[in-house]
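Chemist: Quick one, fold the following:
(2 chains)
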Amino acid sequence: MSRNRLKNKPRNKPAMIVAIVAIILIIIIGVTAKQRENITIMEKWIGNIITPIQNVANRGINRIKEGIDSIADIAGLRVENEDLKKEIELLRQEVSKLNMTRSELEELRDLKYALNHIKDDNEHNIISADIIGKSPSNWFNVFTIDAGENRGVKKDSIILNSDGLVGRVYEVGGNWSKVISIIDNSSSVSFQIMRDSNLQGIVTGSITSEINGYLFDPLADIIIGDKIVTSGLGTYPKGIIIGEIIGIDKSGDHLLKTIKVEPAVNFKRITKVIVMEPVQLY
Amino acid sequence: MVRSIIIGLIILFNLILQSTLFQWVEIYGVVPNTSLILVMSFAIYSGRNRGAVIGFLMGILQDIIFGRTIGLNALVFMVIGYLIGLMDQKISKDNLLIPFVLTMLATVFYETINLLLLFLLGCRIELLNIIKKMLITEVIYNSFVSLVIYYYISKLFKLSLMKKGY
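Modeler: As a prediction, the model looks like this:
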């Protein structure tokens, strides 16, 4: 250190530049820490150039992975086939039951239209998109999808897949968007228990990709295996499956009943998602 | 010139691989931080100035494509590139213990600064999980991956192609 100080001035120039850039970066971090309305043009263009390359790479890699998996899985296929056959039987029975309920529902819906004072709220514009890359950082659970402004994605659009809730759009680029998943540690979702909509609470993600949460009512009657769905408070619309309760903490020093949730979506395996327009809050 | 282009391509290539292929090789939910290892390897061979520039570029790209906050990785990678670049002339570059130890230190440094900044930005910090995930799993994983990457980077820098100025 003392030797550095003895050197003449120009030798320390790099250190100065690094220090100045570091300070500028700290300011940028401070400014961009909160979710922004729009991203800068530079960011958008860098994203527009890199994401198509990523998309191609990801598709290739996924194809190879699928190939390897299917070869390795031949033994498992027969067992799976048996299981699926049994499941089909069960589902057939269920379909016939549901058909009866459906006709009833249709009647009620017709009645609703006839009364004509409630607007149909299922008018979300839905598009499908591919995931093209996941954040390499171990801190965040952020990924990019291959749809952006060009396909009408908006900030806070809701991301789903066939299993349940995945997350929401954080930033929108030209042909790409960043999505924050519900297992990210900054994400929180208000939920209700599927069988009883009075039991509500909030679940949050964590850096270990687990979902934990609590119920507003400490005396709520819940059991392991209860399914939880979004309650419609906040960003997410009502009735999207989040997951299943796999643990309940009843220890006395908690005023609230805390739960551990297994997400319905397998976040390690998702490749395709559905993007839904955000709920209008105003 | 050739050298800068090659390094630039490796940075880009790494970014793409890290977000796609390396997601499949996670251990306990930890993906190896190959950007950090590459910054470290490049800095050892390029000195402090280029080390800092390479770190900055690597970080800012990662921030723009995946980060929630712009500048977080850029800052940490730049400082790591600069500090390791300072050792340019002072260490034996052929010893594989060097990348192993440096990656260990760099990972701890990276996670500590990240932790500090995220804490100041008001993120929820779960200290026990962080120690388990970042400090133990990631440090060990990164250190072993660094041996492989460093070996190939050192081979690359010994090519005559890389020695003609920049």
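Chemist: ranges for the helices of the chain?
Modeler: This is for chain A. With DSSP state H, the ranges of helices along chain A come out as A:2-6, A:13-32, A:41-72, A:74-115.
Chemist: that's the other chain; I wanted chain B
Modeler: Secondary structure of chain B (DSSP H): helices located at B:2-19, B:34-66, B:72-85, B:97-120, B:127-130, B:139-158.
Chemist: Tell me which of those sits most buried.
Modeler: With neighbours taken as mean count of other Cβ atoms under 10 Å in any protein chain shown, those reach their highest mean count in helix B:72-85, at a mean of 26. Any C-beta I mention is one placed from the backbone N, CA and C, and that applies to glycine too.
Chemist: picking up where we left off before, CSV for the helices of chain A, including mean pLDDT, mean neighbour count and distance to A:M276?
Modeler: CSV is the format used below for the helices of chain A (pLDDT from 0 to 100; neighbours: other Cβ atoms under 10 Å in any protein chain shown; distance: least, Cβ to Cβ, whole Å):
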stretch, mean pLDDT, mean neighbour count, distance to A:M276
helix A:2-6, 49, 7, 57
helix A:13-32, 82, 16, 26
helix A:41-72, 82, 15, 21
helix A:74-115, 81, 10, 21
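Chemist: Turn these into CSV, columns for distance to chain B.
Modeler: Converted to CSV, the helices of chain A look like this (distance: least, Cβ to the nearest Cβ, whole Å):
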stretch, distance to chain B
helix A:2-6, 9
helix A:13-32, 4
helix A:41-72, 4
helix A:74-115, 19
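Chemist: so can I have a markdown table of those helices showing distance to A:N141?
Modeler: Rendered in a markdown table, the data for these read as follows (distance: least, Cβ to Cβ, whole Å):
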| stretch | distance to A:N141 |
| --- | --- |
| helix A:2-6 | 42 |
| helix A:13-32 | 19 |
| helix A:41-72 | 17 |
| helix A:74-115 | 28 |
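Chemist: Out of those helices, the one nearest B:K132 is which?
Modeler: Nearest of the helices of chain A to B:K132, taken as Cβ to Cβ: helix A:13-32 at 26.0 Å.
Chemist: Least confident secondary structure element in chain B?
Modeler: Sorting the helices and strands of chain B by mean pLDDT, DSSP states H and E puts helix B:127-130 at the bottom, at a mean of 74.
Chemist: nearest to B:L75, of the helices of chain A?
Modeler: Comparing the helices of chain A against B:L75 with Cβ to Cβ, the closest turns out to be helix A:13-32 (4.2 Å).
Chemist: dump the residue contacts of A:F191.
Modeler: A:Q200, A:G201, A:I202, A:V203, A:G213, A:I228, A:V229, A:T230, A:S231, A:I242 (Cβ atoms under 8 Å, 6 or more residues apart in numbering or on different chains).
Chemist: how close does it get to A:G76?
Modeler: Computed as Cβ to Cβ, to the nearest Å, the A:F191 to A:G76 distance reads 33 Å.
Chemist: Likewise for A:I53?
Modeler: 34 Å.
Chemist: contacting residues around the residue in the stretch 1-150 of chain A that chain B sits nearest to?
Modeler: Using Cβ to the nearest Cβ, the single residue of the stretch 1-150 of chain A nearest to chain B is A:G133, 3.3 Å away. By Cβ under 8 Å, 6+ apart, the contact set of A:G133 is A:T51, A:Q54, A:N58, A:F143, A:T144, B:I16, B:S19, B:T20, B:I65, B:F66.
Chemist: Please list all residues in contact with the second one.
Modeler: Taking Cβ under 8 Å, 6+ apart, we find A:Q54 in contact with A:I132, A:G133, A:T144, B:I16, B:S19, B:T20, B:I65.
Chemist: closest to A:V95 among those?
Modeler: A:I132 (36.3 Å).
Chemist: Can I get the contacts of A:G133 in JSON lines including distance to B:L57?
Modeler: As requested, the contacts of A:G133 are arranged in JSON lines below (distance: Cβ to Cβ, whole Å):
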{"residue": "A:T51", "distance to B:L57": "18"}
{"residue": "A:Q54", "distance to B:L57": "17"}
{"residue": "A:N58", "distance to B:L57": "22"}
{"residue": "A:F143", "distance to B:L57": "22"}
{"residue": "A:T144", "distance to B:L57": "19"}
{"residue": "B:I16", "distance to B:L57": "15"}
{"residue": "B:S19", "distance to B:L57": "16"}
{"residue": "B:T20", "distance to B:L57": "20"}
{"residue": "B:I65", "distance to B:L57": "13"}
{"residue": "B:F66", "distance to B:L57": "15"}
